[in-house]
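Asks: quick one, fold the following:
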Amino acid sequence: MMIVVQHQITNAPHFWRIAEGAAFRIPPDVQLYSLLPSRDATQAVSLWEARRIEQVQRFLASEVGRVATATFFEVDPRFALLPSTMAYAPGSRTPACLRQRPAKTTRTGGASAEG
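Replies: Numbers count the residues shown, from 1 in each chain. Predicted structure coming up:
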C-alpha cells in the first residue's frame, strides 16, 4: 500500500541530520519514494510503500520520533496520481536523505535485469 506521512518538525536541524542517515536504515520491506520539505524545514510530506502502515509508523518513531510528530494515511489508489518518473527542476539538487541505496543486481541467463 502507498502511505503518505505529514511531518511536523519540532527540531529541524536535528531532524534533517537524522533523516540523512535514516535513509540508509529503511527496512527492506519498506520503500521511501519522496520526501518534500517546506522552505523553512519545519514541515514535510513523504510518500512510502509498505504492506502495513504500522511498519512506517514504527520506523519513523524509532528514527525521528523525538524531533517530529507525524500523521499517517493510506493512499486511496482509485484516485491517486502517481508519476512514473520524478524530475527535478534545473539547478536543483537531490537531498542527501533521498539518495538511493545501491541496487542489488540479479543476473538471469546472462541477460541484464534491465532487459
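Asks: and the residue most central in space within the chain, what pLDDT?
Replies: The residue lying closest to the centre of the chain (Cα atoms, centre = their mean) is residue 32, at 2.7 Å. At residue 32, the pLDDT value in this model is 93.
Asks: stretch 51-64: which residues count as buried?
Replies: Residues of stretch 51-64 classed as buried under the neighbour-count rule (16 or more other Cβ atoms under 10 Å) are 55-57, 59-60, 63-64. (Each C-beta comes from the backbone N, C-alpha and C, glycine too.)
Asks: tell me the one of those residues nearest residue 75?
Replies: Set against residue 75, the nearest of these by Cβ to Cβ is residue 56 (11.9 Å).
Asks: shouldn't the closest one be in contact with residue 63?
Replies: No. Using Cβ atoms under 8 Å, residue 56 is not in contact with residue 63, being 10.7 Å away.
Asks: strands along the chain, start to end?
Replies: Taking DSSP state E as the criterion, the chain carries its strands at 2-9, 31-37, 43-49, 68-74.
Asks: now tabulate those strands in CSV and tack on distance to residue 19.
Replies: CSV is the format used below for the strands of the chain (distance: least, Cβ to Cβ, whole Å):
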stretch, distance to residue 19
strand 2-9, 9
strand 31-37, 7
strand 43-49, 9
strand 68-74, 9
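Asks: now the helices for this protein?
Replies: 12-22, 53-64 (DSSP state H).
Asks: what's the span of stretch 58-72, first residue to last?
Replies: Length of stretch 58-72, first residue to last, Cα to Cα, to the nearest Å: 11 Å.
Asks: now residue 52, nearest residue through space, not along the chain?
Replies: What sits nearest to residue 52 in space, not counting adjacent residues and going by Cβ to Cβ, 6 or more residues apart in numbering, is residue 1, at 7.6 Å.
Asks: is the one you found in contact with residue 74, as I believe?
Replies: Yes. Using Cβ under 8 Å, residue 1 is in contact with residue 74, at 5.4 Å.
Asks: next, show the common contact partners of these two.
Replies: residue 53 (Cβ atoms under 8 Å, 6 or more residues apart in numbering).
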